[in-house]
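Asker: coords below, sequence missing:
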């Protein structure tokens, strides 16, 4: 199993935020952020809203279980 790349991790973070109906953080659109910024903002948003555990489960399901299937 290979480690996920930055674009893969950012895509998961964007999908998570979209599912949580978060389209802007601090007046900046998620779609306008680069990959590193999305990961940082997603982490902060999850911490502020006490959703870190749920995000980690979502991330594991999307990144690691997906890789096992292929």
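Answerer: Cool, the structure landed. What you see is a predicted model; the values in this text were computed from it and never measured.
Asker: Okay, strands next: where are they in this protein?
Answerer: Ranges of strands within the chain are 24-25, 28-29, based on DSSP state E.
Asker: Okay, now the sheet partners of the last one, with direction.
Answerer: Using DSSP bridges, the neighbouring strands of strand 28-29 in the sheet come out as strand 24-25 (antiparallel).
Asker: who's in contact with the strand it pairs with?
Answerer: With Cβ atoms under 8 Å, 6 or more residues apart in numbering as the test, strand 24-25 has contacts from 17, 30, 41, 44, 45. In this view, the C-beta of every residue, glycine as well, is placed from N, C-alpha and C.
Asker: how many neighbours does the closest residue to the first one other than its chain neighbours have?
Answerer: If I follow you right, that is residue 17. For residue 17, ignoring the flanking residues on the chain, the nearest one in space by Cβ to Cβ, 6 or more residues apart in numbering is residue 30 at 5.5 Å. Counted with other Cβ atoms under 10 Å, the neighbours of residue 30 add up to 18.
Asker: can you check the one 10 residues further on too?
Answerer: Residues lying near residue 40 (other Cβ under 10 Å) number 14.
Asker: And it, how close does it get to residue 65?
Answerer: 25 Å (Cβ to Cβ, to the nearest Å).
Asker: for residue 18, same thing?
Answerer: 20 Å.
Asker: Of those two, give the one with the bigger neighbour count.
Answerer: Ranked by neighbour count (other Cβ under 10 Å), residue 18 and residue 65 place residue 18 first, with 12 against 9.
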